[in-house]
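Enquirer: Dropping a prediction and its sequence here:
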Amino acid sequence: MSRVSPALVRARPDGRTGRPPLTERRKAATRLEIAREAVRLFTTNGVAGTSAEEIAAAAGISARTLWRYFPSKESCVLPLLTGGIEVATQCLRSWGPDQGVAELLDAMLRSAGEIATDRAALLNLVRLTGSEPGLRAVWLEAHREAEPVFAAALAERAGLSAPDLDINVRAAMFNVALRTAVEHYASHTDPAAAEEPGLLEATVGQALRTAARGFSP
């Protein structure tokens, strides 16, 4: 998937659809490379031990260019955080009104390969959000921005012109389930060990099924 937005899946400024222009794709690629290098350096040296200049040098750009893309060194990680959210949004948009949670999970599983390249970096980043307040703030902000996007997709699925209270609650539950599942998986697995195939997907599935049950025992 092409990550064309600085945050989440949004309409293009010109209102058109389809593949974004080459310039936008290049910018997205640059942003993603900055994010990868930022996570690598943060994982090795910590946030306090990493400067924006070091991130820029690792990404092969100037510090001035980096600041054109991101307002802070912590926000450099945002393109990695939003990859999974974008996939989830696309799956919600294609989730039929006559389909259940199982079909949504199947769609998410089929789409997981789109972010597989950055999976290890994403998990390392989520682990860092547990001890680095600045990264935690970026992670939570990414999900805060995701919620109305999820709500719009769910409203469209329900045939509504705009989200109502029920839709907003469901979007919030979906959002929290995704975030909590990834955090749980990241904090309960060893980054140095080989990843057990399918375990992350199973964790996300369990969280979404729990959310679907609501307050039922």
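Expert: Alright, I've got the coordinates. As the structure is a computational prediction, the values presented were derived from the model and not from experiment.

Enquirer: tell me the centre residue of this protein?
Expert: Thr82 (2.7 Å; C-alpha atoms, centre = their mean).

Enquirer: Distance-wise, check that one relative to Thr203.
Expert: Thr82 sits 20 Å away from Thr203, going by C-beta to C-beta, to the nearest Å. (Glycine included, C-beta is placed from N, CA and C.)

Enquirer: Equivalent analysis for Leu80, please.
Expert: For Leu80 relative to Thr203 (C-beta to C-beta), the value is 19 Å.

Enquirer: higher neighbour count, these two?
Expert: Leu80 (25 against 19; other C-beta atoms under 10 Å).

Enquirer: tell me, how many neighbours does the residue nearest to that one when sequence neighbours are not counted end up with?
Expert: Leaving aside its chain neighbours, Leu80 sits nearest to Ala35 (4.5 Å; criterion: C-beta to C-beta, 6 or more residues apart in numbering). Neighbour count for Ala35, taken as other C-beta under 10 Å: 28.

Enquirer: Show me which positions of the helix or strand where Ala35 lies end up buried.
Expert: Assigned by DSSP states H and E, Ala35 belongs to helix 22-45. For helix 22-45, a neighbour-count test (16 or more other C-beta atoms under 10 Å) marks 27-28, 30-32, 34-42 as buried.

Enquirer: buried set for whichever helix or strand comes after that helix?
Expert: Going down the chain from helix 22-45, the next helix or strand is helix 52-59, by DSSP H and E. For helix 52-59, a neighbour-count test (16+ other C-beta under 10 Å) marks 52, 54-56, 58-59 as buried.

Enquirer: Which one of these is nearest to Thr210?
Expert: Ile55 (37.3 Å; C-beta to C-beta).

Enquirer: Contacts only, for that closest one.
Expert: 34, 37-38, 41, 66, 73, 76 (C-beta atoms under 8 Å, 6 or more residues apart in numbering).

Enquirer: Kindly provide the distance from it to Glu33.
Expert: From Ile55 to Glu33 the distance is 10 Å (C-beta to C-beta).
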